[in-house]
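Participant: sequence first, then the predicted structure:
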Amino acid sequence: MKTKTLFVYFVPHPLHRGFAEAIGADLWYYNRYFKDRNLPKIFKSFINGILLPKYDVYLCKKNFHQSKEIYDEQ
């Protein structure tokens, strides 16, 4: 049985995206459901997290600049 891998990204670096593609991972934009909605980020993050599809392995890329903006707003 092949392991199913999902690469979850917000703004993927080309190197990370290339790695994910090289290992056969599926790509998933983290804000797929609430991209342009004016809702609190904590709510969007929670809902987007629980709506991730079921996979064996999740690769996640942290974007420092985006994370810093989130903390600055709180």
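Facilitator: Done, it's in.

Participant: for the rest of this, base every contact and every neighbour count on C-alpha atoms.
Facilitator: Noted.

Participant: and stretch 40-56, average pLDDT?
Facilitator: Stretch 40-56 shows a mean pLDDT of 86.

Participant: quick one, strands of this protein?
Facilitator: Along the chain, the stretches classed as strands by DSSP state E are 5-9, 26-29, 57-60.

Participant: now distance to Phe19 and mean neighbour count too, for those strands, in JSON lines please.
Facilitator: Output for the strands of the chain, formatted as JSON lines (distance: least, C-alpha to C-alpha, whole Å; neighbours: other C-alpha atoms under 10 Å):
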{"stretch": "strand 5-9", "distance to Phe19": "10", "mean neighbour count": "20"}
{"stretch": "strand 26-29", "distance to Phe19": "11", "mean neighbour count": "15"}
{"stretch": "strand 57-60", "distance to Phe19": "10", "mean neighbour count": "14"}
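
Participant: could you dump those to JSON lines with distance to Pro40?
Facilitator: Listed next are the strands of the chain as JSON lines, based on distance: least, C-alpha to C-alpha, whole Å:
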{"stretch": "strand 5-9", "distance to Pro40": "19"}
{"stretch": "strand 26-29", "distance to Pro40": "18"}
{"stretch": "strand 57-60", "distance to Pro40": "21"}
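
Participant: nearest to Leu15, out of these?
Facilitator: The minimum distance between Leu15 and the strands of the chain falls on strand 5-9, with 12.4 Å, by C-alpha to C-alpha.

Participant: what about the helices in this structure?
Facilitator: Here the chain has its helices, by DSSP state H, at 14-22, 41-50, 64-73.

Participant: and the contacts of the first one?
Facilitator: Right, helix 14-22. Helix 14-22 is contacted from outside by 7, 26-27, 59, 61, using C-alpha atoms under 8 Å, 6 or more residues apart in numbering.

Participant: hmm, back to that, the strands of the chain: which one's closest to Asn48?
Facilitator: Of all those, strand 26-29 sits nearest to Asn48, with 9.6 Å by C-alpha to C-alpha.

Participant: run the chain-centre distance for the closest one.
Facilitator: Centroid separation for strand 26-29 versus its chain: 7 Å, with C-alpha atoms, centre = their mean, to the nearest Å.
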